[in-house]
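Asks: Build me a structure from this.
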Amino acid sequence: MTSTRRRLLKQAALGLGALASAGPDARAVDAKGKKVTQPASSPLPIVDTHQHLWDLDRFRLPWVAGAPKLNRSFLPRDYAEATRGLNVVKTVYMEVDVDPAQQVQEAEYVIELCRREDNPTAAAVISGRPASPEFKGYITRFKGSPYVKGVRQVLHGGTPAGYCLQPEFVQGIRLLGELGMSFDLCMRAPELPDGAKLVDACPDTRFILDHCGNASVQAADRSQWERDLAALARRKNVICKISGIVASAKPGEWKAADLEPIVKHCLREFGPDRVVFGGDWPVCTLAATFREWVEALKWIVRDESPEAQRKLFHDNAVRFYGLA
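Replies: Residues are numbered from 1 along each chain as shown. Alright, predicted model coming up:
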């Protein structure tokens with residue numbers, strides 16, 4: 001079967017699924033976080049640029065041992081149920097920090113997922129260790145893959161401040177640029193200046209700032225984060241992923257208005273053409289369902305133009321990741 005026919009069949013199947021699962025009403029939230037019912041309309045198409053999946057019968061994820069709510073398998077069928085009726089038309093798989101010995105297997109697993117016609121996964125950001133002597137041999141095997149778009153190494157768990165500035169790491173990130181791949185910056189908020197220095201050292205590599213730079217919803221003072229994010233936003237080879245922040249909210253007590261200052265600052269500094277939506281499921285379930293996160297974000301951007309909303313939820317991701 002040709003790739004074009006496979007893509008068309010996949011899109012048709014997903015479209016029928018969205019139509020079948022759409023209910024008579026659309027759900028939204030008000031400023032106090034209360035759900036309100038609105039008449040149904042043509043739903044905004046969503047590209048989820050931060051889709052996690054893991055099968056604990058296949059992969060080892062040491063970090064989930066410390067997160068009981070996440071210490072189980074989350075499979076494509078679970079994602080389909082979590083996103084039902086929301087018109088998620090495509091997703092970009094995000095690596096899940098597997099045991100490094102299983103990075104190749106994880107990449108091969110998600111590439112096969114992208115090839116299949118029964119799910120929305122269209123591309124992947126795979127795991128990698130840019131400072132490793134083996135990184136070049138590892139990542140070049142995926143050169144030219146239509147599915148592998150970039151690499152991430154989480155920099156807020158087990159790596160010290162400044163880790164991403166060591167020469168070997170910088171060399172690895174420059175290699176990604178040479179291969180036409182991107183790098184996701186997932187780091188502690190106080191280390192955003194390190195991210196800016198890394199970006200400056202790698203002008204030919206494109207970067208995605210995950211989770212709004214990991215600002216905490218519950219923080220009383222975010223002024224330093226605001227300054228550091230604004231400085232990073234001045235680098236034009238960086239985009240911002242509006243994702244992840246709800247996981248830092250207080251479960252059962254947060255409301256959309258609590259998230260609004262963080263989101264609005266990111267939108268203001270990066271502008272409408274350099275922001276993309278990310279679900280961060282199932283990590284978001286530490287405080288919210290996928291639907292609750294989407295509804296909250298739609299409320300936050302309610303005053304943005306329809307064009308800007310479509311860019312955030314769909315168009316920018318299609319353009320940045322080259323999704324067909």
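
Asks: Report the secondary structure state of the residue nearest to F270 when sequence neighbours are not counted.
Replies: Residue nearest to F270 in three dimensions, not counting chain neighbours: C240, with 4.5 Å by CB to CB, 6 or more residues apart in numbering. Every C-beta, even on glycine, is put in place using the N, C-alpha and C of the backbone. Put simply, C240 is strand when judged by DSSP: H, G, I helix; E, B strand; the rest coil.

Asks: So what's the residue count around the spatially closest residue to F74 that is not a sequence neighbour?
Replies: Setting aside the residues directly before and after it, F74 is nearest to P282 in space (CB to CB, 6+ apart), at 4.7 Å. P282: 21 surrounding residues under other CB atoms under 10 Å.

Asks: quick one: contacts for P282?
Replies: H52, L70, F74, D78, A82 (CB atoms under 8 Å, 6 or more residues apart in numbering).

Asks: Buried ones only from the residues you listed, please, as a ChimeraX command.
Replies: In ChimeraX syntax, the buried subset of those is picked out as below (16 or more other CB atoms under 10 Å):
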select :52,70,74,82
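
Asks: And the contacts of P282, which is closest to G158?
Replies: L70 (17.3 Å; CB to CB).

Asks: Report the separation between the nearest residue to that closest one once chain neighbours are set aside and S223.
Replies: Among residues not flanking L70 along the chain, V64 sits closest, at 5.0 Å (CB to CB, 6+ apart). From V64 across to S223, the span is 34 Å (CB to CB, to the nearest Å).

Asks: ok, the two, which is more surrounded?
Replies: V64 (17 against 8).

Asks: Look up the pLDDT of that one for me, please.
Replies: pLDDT for V64: 95.

Asks: residue boundaries of the strands in the stretch 101-250 of the chain?
Replies: Ranges of strands in the stretch 101-250 of the chain, per DSSP state E, counting those that start in this stretch, are 121-127, 148-152, 182-185, 206-209, 238-242.

Asks: related to what we said a few turns ago, the residue nearest to F270 and A215 touch, don't they?
Replies: No - look at C240 against A215 with CB atoms under 8 Å: they stay out of range, at 11.1 Å.

Asks: who touches both of these two?
Replies: Joint contacts of C240 and A215 (CB under 8 Å, 6+ apart) are L229.

Asks: between those two, which one's more packed in?
Replies: Taking other CB under 10 Å, C240 and A215 do not tie; C240 has more neighbours (27 against 24).

Asks: Please report the distance of the more buried one from R72.
Replies: 30 Å.

Asks: so where is the stretch 151-300 of the chain shaky, pLDDT-wise?
Replies: For the stretch 151-300 of the chain, no stretch is flagged by pLDDT under 70.

Asks: any idea where the helices of it begin and end?
Replies: With DSSP state H, counting those that start in this stretch, the ranges of helices along the stretch 151-300 of the chain come out as 167-178, 192-201, 223-233, 256-270, 290-300.
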